[in-house]
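Novice: what's the 3D shape of this:
(chains A and B)
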Amino acid sequence: DTEVTQTPKHLVMGMTNKKSLKCEQHMGHRAMYWYKQKAKKPPELMFVYSYEKLSINESVPSRFSPECPNSSLLNLHLHALQPEDSALYLCASSQDQGETQYFGPGTRLLVL
Amino acid sequence: AQSVAQPEDQVNVAEGNPLTVKCTYSVSGNPYLFWYVQYPNRGLQFLLKYITGDNLVKGSYGFEAEFNKSQTSFHLKKPSALVSDSALYFCAVRQHNTDKLIFGTGTRLQVFP
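Specialist: Numbering: from 1, shown residues only, chains lettered A, B, ... in the order given. Below is the predicted model of the structure:
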């Protein structure tokens, strides 16, 4: 089973809203990732968690706040986003940091 | 610094013909190379990877890739294209010091019936 699930599939939010994206995997992977992808562009790494600890933060604005409650779950809390934050947000996991990453289907976010 | 280049924004091929999607890399040390495919409005799907060993790597859905050290290339190939192969393909290299994946800009493959 190489499935990473993400909810919701679509999200529309205003600039003053607070929302959260969720990611889950049950493959026993110890590394989890958040990426942002604009249309027809490659994914851009945002955060990496390794063994439930934040390993990499790619200088992402503080309006994005990651959380790793346990080894299977990864959340991305959103607050006061801008329209330019509209994108496909992808979660991925790997056995360990640096190993093959398996991606979820993504959450399509629209900020109005 | 590690990087990958995908020189073609789009590749067009007729169904049943062989396809090649090009990727070149620049790394220090031994490269860890990956190919992913992305269908519209979906996440990336892992196709194959090269770490060490045979230069010809076989992956999912009949795809294969050839690692060529002298030409620093890792082209994706398939002997007979299907219309359903039409998608966006990304080559990636693992950055040694951070273990981050560095993606190429992507190549859109269009297979015509």
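
Novice: Alpha carbons of stretch A:63-77, in CSV - could you do that?
Specialist: Provided in CSV are the C-alpha atoms of stretch A:63-77 (Å, rounded to 0.1, in the frame of the first residue of the first chain):
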residue,chain,number,x,y,z
ARG,A,63,0.7,32.3,7.7
PHE,A,64,1.5,28.6,6.9
SER,A,65,2.0,26.6,10.1
PRO,A,66,2.8,22.8,9.9
GLU,A,67,2.0,20.3,12.6
CYS,A,68,2.8,16.6,13.0
PRO,A,69,0.6,15.2,15.7
ASN,A,70,2.0,11.7,15.2
SER,A,71,3.9,9.6,12.7
SER,A,72,1.0,9.1,10.4
LEU,A,73,-0.5,12.5,10.3
LEU,A,74,0.6,15.9,9.0
ASN,A,75,-1.4,19.0,9.1
LEU,A,76,-0.9,22.4,7.5
HIS,A,77,-2.7,25.2,9.3
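
Novice: Flag every buried residue along that stretch.
Specialist: A:64, A:66, A:68, A:71-72, A:74-76 (16 or more other C-beta atoms under 10 Å in any protein chain shown). All C-beta spots, glycine's among them, are computed from the backbone N, C-alpha and C.

Novice: One more: stretch B:85-96?
Specialist: Buried residues in stretch B:85-96 (16+ other C-beta under 10 Å): B:85-95.

Novice: Just give me the neighbour total for whichever residue of chain A sits closest to chain B.
Specialist: Using C-beta to the nearest C-beta, the single residue of chain A nearest to chain B is A:G98, 3.2 Å away. For A:G98, the tally of surrounding residues (other C-beta atoms under 10 Å in any protein chain shown) stands at 18.

Novice: Quickly note the distance from it to A:V4.
Specialist: For A:G98, the distance to A:V4 equals 17 Å [C-beta to C-beta, to the nearest Å].

Novice: Can you tell me how far A:R108 is from B:V27?
Specialist: The spacing between A:R108 and B:V27, counted by C-beta to C-beta, is 33 Å.

Novice: Likewise for A:Y35?
Specialist: A:Y35 is 21 Å from B:V27, by C-beta to C-beta.

Novice: And A:K22, by the same measure?
Specialist: 35 Å.

Novice: Any idea what the closest residue to B:K49 other than its chain neighbours is bridged to?
Specialist: Nearest non-adjacent residue to B:K49, counting by C-beta to C-beta, 6 or more residues apart in numbering or on different chains: B:F34, 4.7 Å away. Taking DSSP bridges as the rule, B:F34 bridges to B:K49, B:A92.

Novice: Mean pLDDT per helix and strand in chain A: which one sits at the bottom?
Specialist: strand A:53-57 (a mean of 92; mean pLDDT, DSSP states H and E).

Novice: Does the next helix-or-strand element following it reach chain B?
Specialist: Per DSSP states H and E, strand A:53-57 leads on to strand A:64-70 as the next helix or strand towards the C-terminus. No: judged by C-beta under 8 Å from any C-beta of the partner chain, strand A:64-70 and chain B are separated, with a smallest distance of 15.7 Å.
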